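Trainee: give me coordinates for this.
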Amino acid sequence: MPLIDPMNNKPITDDWWNGFIGFQADAIKNLDAQLRAAGVDEAFGWAIVLYTALLKLLFYPLQQSQVKGTTMIQLLQPKAKEIQERYKDDPQRMQTLMGELYTTMDVNPLGGCLPLFLQLPLFWSLYGVWRRLPAEKFPHYDESWLWVPSLAKPNPDFQFRLDWVFDFVDAAPRMGWNDYLSYWVFPLLLMGATLVSQQQTKPADRKSTRLNSSHLCNL
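Mentor: Below is the predicted model:
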């Protein structure tokens, strides 16, 4: 009997992509089983944390390369803009100088994109994992974790609806204030982590990241 995708109520096709998703789903279920065997409470939530940490560790070198590349591109922007403005009527000369600039500073303009492209398929497949687990009737999918009443909610059908945000009765959320506020914690943490990540890609203090002026002046 085919698995039914909870988002569109259609059978999950048996292809390489869903096979990859199924592989990761099995990995998370195995982690969950091992944690439960060790007596860990709320094991499903911790299995997700552990699996995510393993992926972050795996991609850490790529992420560091992306941060470094992005930072260097930002540092070179003033010089690149100067070249573009000075030689806007001579595209060939402009391209030559831009190439020399990036070569001299050992910067690949597309270097920051490559790590992202390598990670995107994995991130997309992880979204499929969260849909596959309920399709497989994984018994612990709706388990609580820390302050969260259920890891399967507030959007168990994966429709990205915000009904629960505005579902109030007599000036109080239908699900109750405790559950309502609990489900807001993760989005707020995600926003905070995103801001921190953006700060990390900004150029560091100018004194410690000042470009070699002799290299730039030679261009």
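Trainee: tell me the secondary structure for the most centrally placed residue in the chain?
Mentor: When C-alpha atoms, centre = their mean is applied to the chain, the residue found nearest the centroid is Phe123 (6.6 Å). Secondary structure state of Phe123, per DSSP: H, G, I helix; E, B strand; the rest coil, is helix.
Trainee: pLDDT value on it, please?
Mentor: Looking at Phe123, its pLDDT stands at 82.
Trainee: now swap in Lys79 and tell me
Mentor: With respect to pLDDT, Lys79 scores 79.
Trainee: residues near it, how many?
Mentor: If you count neighbours by other C-beta atoms under 10 Å, Lys79 ends up with 18. C-beta: built from backbone N, CA, C; applies to glycine.
Trainee: surely it touches Glu100?
Mentor: No: using C-beta atoms under 8 Å, Lys79 is not in contact with Glu100; the gap is 10.9 Å.
Trainee: hang on, isn't Ile83 packed against Thr96?
Mentor: No: look at Ile83 against Thr96 with C-beta under 8 Å: they stay out of range, at 9.6 Å.
Trainee: which of these two has more neighbours?
Mentor: With neighbours defined as other C-beta under 10 Å, Ile83 and Thr96 compare such that Ile83 has more, 20 against 14.
Trainee: which one is that one nearest to, not counting chain neighbours?
Mentor: Residue nearest to Ile83 in three dimensions, not counting chain neighbours: Leu97, with 4.9 Å by C-beta to C-beta, 6 or more residues apart in numbering.
Trainee: does the one you found count as helix, strand or coil?
Mentor: Judged by three-state DSSP, the three-state class of Leu97 is helix.
Trainee: what's the spacing between it and Asp170?
Mentor: 68 Å (C-beta to C-beta, to the nearest Å).
Trainee: those two: which has the busier surroundings?
Mentor: Leu97 (19 against 5).
Trainee: what distance do you get for the more buried one to Asp106?
Mentor: For Leu97, the distance to Asp106 equals 16 Å [C-beta to C-beta].
Trainee: same deal with Glu136?
Mentor: Applying C-beta to C-beta, the value for Glu136 to Asp106 is 48 Å.
Trainee: likewise Asn8?
Mentor: Distance, Asn8 to Asp106, using C-beta to C-beta: 47 Å.
Trainee: okay, the two: which has more neighbours?
Mentor: For Asn8 versus Asp106, neighbours defined as other C-beta under 10 Å are more numerous around Asn8 (12 against 8).
Trainee: longest helix in the chain, by residue count?
Mentor: helix 43-86 (DSSP state H).
Trainee: Trp16: neighbouring residues, count only.
Mentor: Trp16 has 7 neighbours, counted by other C-beta under 10 Å.
Trainee: per-residue confidence at it?
Mentor: With respect to pLDDT, Trp16 has a value of 90.
Trainee: now it. Its backbone dihedrals?
Mentor: When read as degrees, to the nearest 10, the backbone of Trp16 gives phi -60, psi -40.
Trainee: swap in Val148?
Mentor: Per degrees, to the nearest 10, the backbone of Val148 is at phi -90, psi 120.
Trainee: and if you look at Trp145?
Mentor: Per-residue torsions, Trp145: phi -150, psi 120 (degrees, to the nearest 10).
Trainee: how far away is it from Phe44?
Mentor: When Trp145 is compared with Phe44 (using C-beta to C-beta), they lie 7 Å apart.
Trainee: now Asp89
Mentor: From Asp89 to Phe44 the distance is 63 Å (C-beta to C-beta).
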